[in-house]
Each structure stands twice: as C-alpha cells, then as structure tokens.
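[1] Output the structure for:
(2 chains, ligands or ions: 2)
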Amino acid sequence: MADYKDIINQYKDLPGGIIEAYHAVQREYSYIPEEAVEAAAAAFKRSKAEAYGVATFYSYLKVGKRGKNVIRICESAPCHVAGADAVIAALEKELGMKMGESTADGKFALELTECVGQCQATPVITINSKPYENVTADKVAAILTEYK
Amino acid sequence: MAEEMRIVLRNYGKIDPLKIEDYIAAGGYKALEKAKGMGQQALIDEVKKSNLRGRGGAGFNTGMKWSFSYGIKTDQKYVVCNADEGEPGTYKDRIIMENDPQSVLEGMAICGYAIGANKGYIYCRGEYPCMVEMLNKAIDQAKAKGCLGDFDIEVRMGGGAYACGEESALIESIEGNRGEPRFKPPFPPVIGLWGKPTIVNNVETFANIPAIVDKGADWYKAIGNAKYPGTKVMTLTGDITNKTFVEVPTNTSIRQVLNDFGGGVAGGKKFKAVQIGGTSGGFIPEAFLDTQLNFDDMSAIGATLGSGAFFVMDESRDIVDVVARIAKFFAHESCGKCTPCREGTMRMEEIMERVNDRHGDAADLDRMGRLGRVMTKACLCGLGQAAPSPVLTTMQHFKDEYLSKFN
Ligand SMILES: Cc1cc2nc3c(=O)[nH]c(=O)nc-3n(C[C@H](O)[C@H](O)[C@H](O)COP(=O)(O)O)c2cc1C
Ligand code: FES
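    Ligands and ions are numbered 1, 2, ... in the order given. So this is what the prediction gives:
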C-alpha cells in the first residue's frame, strides 16, 4: 500500500487540493488514517483543527479505520418507498452487524447514505462506489460474494 | 400526447461521448467559434435575450448573471460548473455528462470567453467517480484537439455534502474548506472563488448554451413557456410505471409527464402526490396536476421546479412517513453554520418522528408550522429556507394523514 504521506504530497501544490488529497488517500486505504489528517495539515499549511474540520465535514470521507469494501445504502425518499428498509435489514443480517459498523475481518463496512444519483432503479446500494440497482433482500447475499 | 424535445440531450444516443470527433461531426465547437466572432457584449446580450434561466433551481437569467462578471476589470475570473447534483431523486446532470460531456465543456468555454475567464472548474459529486474519469478524458481530448483555446478546465470532487450544491458553499469546497455557505452579498459573480469574479452555472444550463449560440435567442425563447423558455430534463422516480428521464418543453404539464412519459402510476394504483424539484420541493396533490413545468407556474402553486426530480407516490403511501424520512435528511445535511437551520432541522426531525410514531398531538402541527415559517425567513441559505417546504405543503394538502396519526 502506498504511504499516505507520498499520496498527500502529490497534491500539496494544488490550490485547495486538500480534499482531492483526502479522496486519493481514501481510494488507497478505504478510509483516512488519523495520522494522514496531520500529514495533510502539514502539507497544505493548515492548522490540525482545520484539516480535521475539513475531513470530518464530508460524509463521503471517513476519518479512522473501517472495512475495506464500503457498502452504502441509499435511504433517500425514492429508495425509501421502494423498500430500502428491507435491504438494510438483509445487509445487517448477512454481515452480522449494524449500520455504521465494520466486519471483524476488516472486509466490509456498512453505511447509510443519501441519494447516490441512480434513482432510475431503486432501491440502490453502492459497493466501493459501484452502484447496484433494484436491490432486494434476496439479492444481497449474491452481490456480497463478489467481494468475499 | 405530449412530445419530448431534446436540446440539452441533442446528441443522446447519437454519438460516442468519449469520441470528440463524433461531437465535432455533429456540429460541436462551432458555437464557440461563432461566439468568439460575436464579441463579448453581443454574446452576453444574445444569451440574456434568449431568457435562458438557470437549471440548478434558482431560475436566474443566465446572460444577466454573466454580465455582472463581465463588467468587472480584474486579473482573474473563473467559470464553475455545478455538477454536485445532490438533490435526492435527481440524476439528470449525470445523464447529460455521461452522454455528451463535450457540450458542457463547450458551454463553459463560451461563458469563459463571454466574461473573460481562462480557467474553469467542474465540481462533480464524489458519488460519481466514474464520471470524474470520463470528464477528465473528455477534457484531455478537447485540449489535444485545441478546441478549448486558452481556456483550461479542471475537475474537482465533492465529498457527499448536499450543502455544497449551494454555490458559495461549493466555492468554499473548491478552496479546500468545509462546505459552508457564505454571507451574501457579495454574490459570486462579483466576489467568488479565491475572491475573484466567478460564474457558477448548472450542468444543464451550460449544455443549453452551444445550442442557443448556434440557433439564436429568438429560436430559443419561442420554445416552451415564454417566462422560462426552453426545455427541462426531468427524472421520474417512485410509484411511476416508467422510471426514466425525459426532456420536455417548459409548457408541458405535470399530468402530461406523469401519464404520457411516465405511463401513469405504477401497478394501476391511484395517484396520491408528486414531489417535484427534489427533496426540498413541495408535495403536489391531484388538483394541481395541470400546472406547467416551469419556474413561475410551479412557484405560483407553492411548489418548485428545482432540479427536475419527479417523485410520485401512490394511494398506498404514508405521506407522514415519507416526510419524516425527508426531515431526517435535512437534519443530517444541515451544515451547522446558522442556528435556525442547525437547530430547526433537528427539531423538525424530532417532531416529525414523534408524529409518525403516533406519539404526537395536534399542537405539534402548530409547532411545525411556526418553526417552518421562521426557518423559511431566517436561515442563511436555501437549504434551511426550503427544508420546511415538504412539511408545510403536506400539512396543507394532506392534513388528514397527520390527523390520522393522532387517533
Ligand atoms: C442546499 C442547496 C443545494 C443546491 N444544490 C445544487 C446542485 O446540486 N446543483 C446545482 O446546479 N445547483 C444547486 N443549487 C443552486 C446553486 O446555489 C446555484 O443557484 C446554481 O448552481 C446556479 O446555477 P444556474 O443559474 O445555472 O441554475 C443548490 C442550492 C442550495 C441552496
Ligand atoms: S434516491 Fe436512492 S439513488 Fe437516488
């Protein structure tokens, strides 16, 4: 795995590039390690408080460890009426954990999200930002095997 | 039977979006050349005269907006394309960019020429990483062919914050800050990105520009409803037979979209409500279905055109449950900068949950009415101002559903 310091340094001359740097770190790690926030503060000449404030403002960014494959389920109104609750229950059962948690083996993280812009085929989940459409409870297990 | 009209989706399905040669063969980049021949002032006047109004929700005259930046003498100006598309139930900007990215780049370059900016940014939502890749490829192709001249475009990724769709919050985010809106005035066309004059326009707005320059203001302003001419791309979701997108002239009615393109309510059920413009839009009952899909006619019925999301609910839906879900959305997405929004969205969620769980009483409706009115007036940006709209419009049009929760 590439060192987060090297990743961040690639962006340090980009005006306002701290968010791009965080995205790049997250693409590699699936999350932003706490120490990477400090490294970003140094690289972009911001206070640690500011660097932390930016990283924690954005729900797509996650500071602190989480599972490698990030499963997000849309709970916005169109997905909600299409049956997102049943999909949430199936995901929690299949993975043996609650929303916001990661599996003990570090393979999966499970999160709620708002609309991911794939509303033509609700309910929608994304895994590592790849969308799965028209998801139902009985499709969940098969989708997850791709990542096991 | 109403008919579709494709202006922003003019090349949909006809070209390979990642082959700039296809776009050029279809007449692409001729408008930019023509624009440069017109001169800045005449170009802005033409866009103004077309009466193209922003497709991001606020409906401001695009040429007028450009004229504010054009008039300022300074060393640097910016063009920003708002591709944050965070309004739930909306995916029209993705459809436009996926199928014809060059039309957006050309629109931005025309704006750059008009106001005197040589740098543009596309702020694309973080949920669309594939789109970011596509846009970068499209930009590389346009640069390699020399289509953009000295105009440079860079893509920046959002981080999943709905508030960042608001233009001043978006600017803060490009600058690498928390996405909190700024106090206005000054407005971005005067003081925007890094303190410089900045035009922020929506993807769909930019995609209209080459067609307007190419065919002229008179052609454009004769299409659809004269007060808000042109077309609007709508995305149909919820209990509707065809969950699809359509581009229709702005004198098309809600009913026509529902029935002619949407195929009516799914499963032969009866219609209950449609929420248009995204999650901050008002809920619309049957009685208003003949309203035309344009900014002013929608405002007149206390609703919005907004982003063009078109979310249908059938007779079996529990309106209070849906609005409670929406209230949670706003409590989550409030950026926290101003008190009326931060506290208001939280209290609204709390009360809606209570009512939905059958623990509320009639006094809760008064509380929400008052809270909603205060938020509409006192919140700093459109997020908090519009957040009460689903609550207020459903208390107005679907009051019985609330009352049934008190039995
Ligand atoms: C909370 C909030 C979210 C918004 N989200 C978007 C968005 O996702 N896309 C967009 O184009 N405009 C959005 N807007 C409107 C922008 O502030 C701005 O008016 C628009 O980008 C201007 O472009 P236009 O004139 O082409 O419509 C949002 C506004 C608010 C208050
Ligand atoms: S509402 Fe779920 S993807 Fe848009």
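
[2] Can you point out the buried residues in the helix or strand where A:A21 lies?
    Using DSSP states H and E, A:A21 sits within helix A:18-29. By 16 or more other CB atoms under 10 Å in any protein chain shown, the buried positions in helix A:18-29 come out as A:I18, A:I19, A:E20, A:A21, A:Y22, A:H23, A:A24, A:V25, A:Q26, A:Y29. For the C-beta atoms, the positions are set from N, CA and C on the backbone; glycine is no exception.

[3] now, among those, which is nearest to B:C379?
    A:I19 (25.0 Å; CB to CB).

[4] any idea how chain A splits into domains?
    What automatic domain parsing lists as the domains of chain A is A:4-57, A:69-145.

[5] Against which helices or strands is the helix holding A:A21 packed?
    Under the contact criterion of 3 or more CB pairs under 8 Å, 6 or more residues apart in numbering or on different chains; DSSP states H and E, helix A:18-29 touches helix A:4-9, helix A:34-43, helix A:48-57, strand B:152-157.

[6] How about the second one and chain B, any contact?
    No. Judged by CB under 8 Å from any CB of the partner chain, helix A:34-43 and chain B are separated, with a smallest distance of 9.7 Å.

[7] Same question for the third one.
    Yes. Taking CB under 8 Å from any CB as the criterion, helix A:48-57 and chain B are in contact, through A:G53, A:V54, A:F57.

[8] neighbours around B:R156, how many?
    Close neighbours of B:R156, defined as other CB atoms under 10 Å in any protein chain shown, add up to 23.

[9] Equivalent analysis for B:N242, please.
    13.

[10] Can you give the distance of stretch B:64-81 from its chain's centre?
    Relative to its chain's centre, stretch B:64-81 lies at 21 Å (CA atoms, centre = their mean, to the nearest Å).

[11] May I have the residues that are in contact with A:S102?
    A:K65, A:R66, A:G67, A:F108, A:A109, A:L110 (CB atoms under 8 Å, 6 or more residues apart in numbering or on different chains).

[12] try it again with 7 Å
    A:R66, A:G67, A:F108, A:A109 (CB atoms under 7 Å, 6 or more residues apart in numbering or on different chains).

[13] Please tell me I have it right and the third one contacts A:R72.
    Looking back up the chat, that one is A:F108. No. Contact criterion CB atoms under 7 Å: A:F108 and A:R72 do not qualify, at 11.2 Å.

[14] ok so, going back, out of the residues of helix A:48-57 next to chain B, which one sits closest to chain B?
    A:F57 (4.1 Å; CB to the nearest CB).

[15] you'd agree the closest one is up against B:R178?
    Yes. Using CB under 7 Å, A:F57 is in contact with B:R178, at 4.1 Å.

[16] Alongside ligand 1, which residues does chain B contribute?
    B:54-58, B:60, B:82, B:84-87, B:162-163, B:165-167, B:200-202, B:205, B:381-383 (CB under 6 Å from any ligand atom).

[17] So which of those sit within strands?
    B:N82, B:V200, B:N201, B:N202 (DSSP state E).

[18] wait, which of these is closest to B:V47?
    Nearest member of those to B:V47, counting by CB to CB, is B:N201, at 10.7 Å.

[19] Contacts only, for that closest one.
    Per CB under 7 Å, 6+ apart, neighbours of B:N201: B:G54, B:T62, B:C81, B:N82, B:C111.

[20] tell me the contacts of residue 36?
    Just so you know, I chose chain A. Applying CB under 7 Å, 6+ apart, the residues near A:A36 are A:Y4, A:I8, A:V25.

[21] that's the other chain; I wanted chain B
    B:Y113.

[22] Just the pLDDT at it, thanks.
    With respect to pLDDT, B:K36 has a value of 98.

[23] For B:K48, see how far away it is.
    From B:K36 over to B:K48 the distance is 18 Å, taken as CB to CB, to the nearest Å.

[24] now do B:L258
    34 Å.

[25] Between these two, which is the more surrounded one?
    Neighbour count, other CB under 10 Å: between B:L258 and B:K48, B:L258 has more, with 20 against 17.

[26] ok and the residue in chain A nearest ligand 1?
    In chain A, the residue found nearest to ligand 1 is A:G117; the distance is 10.0 Å by CB to the nearest ligand atom.

[27] correct me, but that residue touches B:R94?
    Yes. A:G117 lies in contact with B:R94 (CB under 7 Å); the separation is 5.4 Å.

[28] between those two, what contacts are shared?
    Between them, A:G117 and B:R94 share these contacting residues under CB under 7 Å, 6+ apart: B:E85, B:Y128.

[29] Would the helix or strand harbouring B:A273 count as contacting ligand 2?
    Counting by DSSP H and E, the element that carries B:A273 is strand B:271-276. No. Using CB under 6 Å from any ligand atom, strand B:271-276 never reaches ligand 2; the gap is at least 11.8 Å.

[30] which stretches of the stretch 101-250 of chain B aren't confidently modelled?
    Filtered on pLDDT under 70, the stretch 101-250 of chain B yields no residues whatsoever.

[31] which bits of chain A sit near chain B?
    With CB under 7 Å from any CB of the partner chain as the criterion, chain A meets chain B at residues A:16-20, A:23, A:44, A:53-54, A:57-61, A:76-78, A:80-81, A:114-122, A:129.

[32] Where does chain B get nearest to chain A, which residue?
    B:G159 (2.7 Å).

[33] That residue against A:L61, yeah?
    Yes. Between B:G159 and A:L61 a contact is recorded at 5.3 Å, counting by CB under 7 Å.

[34] what's the average pLDDT for stretch A:75-87?
    On average, stretch A:75-87 scores 97.

[35] Grab the CA positions of it and hand them over as PDB.
    C-alpha atoms of stretch A:75-87 as PDB (Å, rounded to 0.1, in the frame of the first residue of the first chain):
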ATOM      1  CA  GLU A  75     -32.200   5.900   2.200                       C
ATOM      2  CA  SER A  76     -33.500   9.000   0.400                       C
ATOM      3  CA  ALA A  77     -37.200   9.100  -0.200                       C
ATOM      4  CA  PRO A  78     -37.400   7.300  -3.600                       C
ATOM      5  CA  CYS A  79     -35.300   4.400  -2.300                       C
ATOM      6  CA  HIS A  80     -37.200   4.500   1.000                       C
ATOM      7  CA  VAL A  81     -40.600   3.900  -0.700                       C
ATOM      8  CA  ALA A  82     -39.000   1.300  -3.000                       C
ATOM      9  CA  GLY A  83     -38.200  -0.800   0.100                       C
ATOM     10  CA  ALA A  84     -34.700   0.300   1.300                       C
ATOM     11  CA  ASP A  85     -35.600  -0.800   4.900                       C
ATOM     12  CA  ALA A  86     -35.900  -4.500   3.800                       C
ATOM     13  CA  VAL A  87     -32.500  -4.200   2.100                       C
END
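
[36] Number of residues surrounding B:R358?
    B:R358 has 11 nearby residues by other CB under 10 Å.

[37] on that earlier part again, need the contacts of A:A36 in CSV (columns: pLDDT and distance to B:T237).
    Formatted as CSV, the contacts of A:A36 follow (pLDDT from 0 to 100; distance: CB to CB, whole Å):
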residue, pLDDT, distance to B:T237
A:Y4, 96, 39
A:I8, 98, 39
A:V25, 98, 34
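
[38] on that earlier part again, is the residue of chain B closest to chain A part of a helix or strand, or is it coil?
    Secondary structure, DSSP: H, G, I helix; E, B strand; the rest coil: B:G159 is coil.

[39] Give me the pLDDT value at B:N407.
    Per-residue pLDDT puts B:N407 at 80.

[40] what about stretch B:269-289, how long is it end to end?
    17 Å (CA to CA, to the nearest Å).

[41] Please see if it touches chain A.
    Yes. Against chain A, stretch B:269-289 shows contacts by CB under 7 Å from any CB at B:T279.

[42] If anything else comes up later, I'll come back, but that's it for now.
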